[in-house]
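Engineer: coordinates only, sequence not included:
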């Protein structure tokens, strides 16, 4: 990481973007390297400049901030997204976190608090409901709200919060189809040990004991589907 935090601001209101930039750049540890006014531009710009942290509004033209976050996190899993929005709604917070955001805060947040949150997520932590959380604490927070807020989205794999990297998801999909670690390694062109390392990470993240439980978990949550099913 560089000494300065590289930031991308995504909001369709130019006055708000400029105000946010002015506030952030009073802190020498912050550097705004890009701005976007709509979702599609935000995705393209994020891929191009690879920011460390994105400040994202939810209500954007073309595609909303939740969809933008999912798409960006697919290609740039290490980028941290802070939803900074006028919506103060518990269900919206839940869906933002499931989309891959690391934090959710209101637009009337103080500059000092926002800068603290940026440092929090840059260090790998999360900020939800005015609390700083570790990864495990965030997973517990999500699990407690799954039944309350998921609704019909539980069957839509694109809308689910998935705490696995794209490579881990790829390996897990092969596991659900019955492939051994050796077969997965051959299919993906990676070493057997690399597959084993990924499997260890998958079991730890999903809090399950073996490959079978991981496969069942993924299928039950709609992350992957067996061939021949819809």
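Structural biologist: Arrived safely, thanks for sending. These figures come from a predicted structure and were not determined experimentally. Numbers count the residues shown, from 1 in each chain.
Engineer: going by C-alpha atoms from here, please, whenever you check contacts or count neighbours.
Structural biologist: Will do.
Engineer: against which helices or strands is the lowest-mean-pLDDT helix or strand in the chain packed?
Structural biologist: Every helix and strand in the chain was compared by mean pLDDT, DSSP states H and E; the lowest is helix 135-149, with a mean of 77. Using 3 or more CA pairs under 8 Å, 6 or more residues apart in numbering; DSSP states H and E, the elements in contact with helix 135-149 are helix 90-98.
Engineer: residue 33 belongs to a strand, doesn't it?
Structural biologist: Yes: under DSSP: H, G, I helix; E, B strand; the rest coil, residue 33 sits within a strand.
Engineer: who's in contact with it?
Structural biologist: If a contact means CA atoms under 8 Å, 6 or more residues apart in numbering, then residue 33 has 6, 7, 8, 49, 51 as its contacts.
Engineer: which phi and psi does the third one have?
Structural biologist: So that's residue 8. When read as degrees, to the nearest 10, the backbone of residue 8 gives phi -120, psi 130.
Engineer: assign a three-state SS to the residue sitting nearest the centre point of the chain, would you?
Structural biologist: By CA atoms, centre = their mean, the chain has its centre lying nearest to residue 100, at 1.9 Å. Following three-state DSSP, residue 100 is assigned to coil.
Engineer: the closest residue to residue 191 other than its chain neighbours: neighbour count?
Structural biologist: In space, and not counting its chain neighbours, residue 191 is closest to residue 185: 5.5 Å by CA to CA, 6 or more residues apart in numbering. Per other CA atoms under 10 Å, the neighbour tally for residue 185 reads 18.
Engineer: tell me if residue 185 really is in a helix.
Structural biologist: Yes: the assignment for residue 185 (three-state DSSP) places it in a helix.
Engineer: residue contacts, it?
Structural biologist: Residue 185 is in contact with 191, 192, 194, 195, counting by CA under 8 Å, 6+ apart.
Engineer: again, but for residue 197
Structural biologist: With CA under 8 Å, 6+ apart, residue 197 has no contacts at all.
Engineer: and what of residue 83?
Structural biologist: 55, 56, 57, 58, 65, 96, 101, 103, 104, 105.
Engineer: and for residue 17?
Structural biologist: Residues near residue 17 by CA under 8 Å, 6+ apart: 9, 10, 11, 35.
Engineer: just among these, which is most surrounded?
Structural biologist: Of the contacts of residue 17, with other CA under 10 Å as the count, residue 10 tops at 28 neighbours.
Engineer: so that one sits against residue 40, correct?
Structural biologist: No: using CA atoms under 8 Å, residue 10 makes no contact with residue 40, being 10.5 Å away.
Engineer: where does this structure have low pLDDT?
Structural biologist: 1-2, 87-89, 146-163, 221-230 (pLDDT under 70).
Engineer: give me the domain ranges for it.
Structural biologist: Domain ranges of the chain: 5-152, 162-220, per automatic domain parsing.
Engineer: just the ones you listed: most buried one?
Structural biologist: domain 5-152 (a mean of 18; mean count of other CA atoms under 10 Å).
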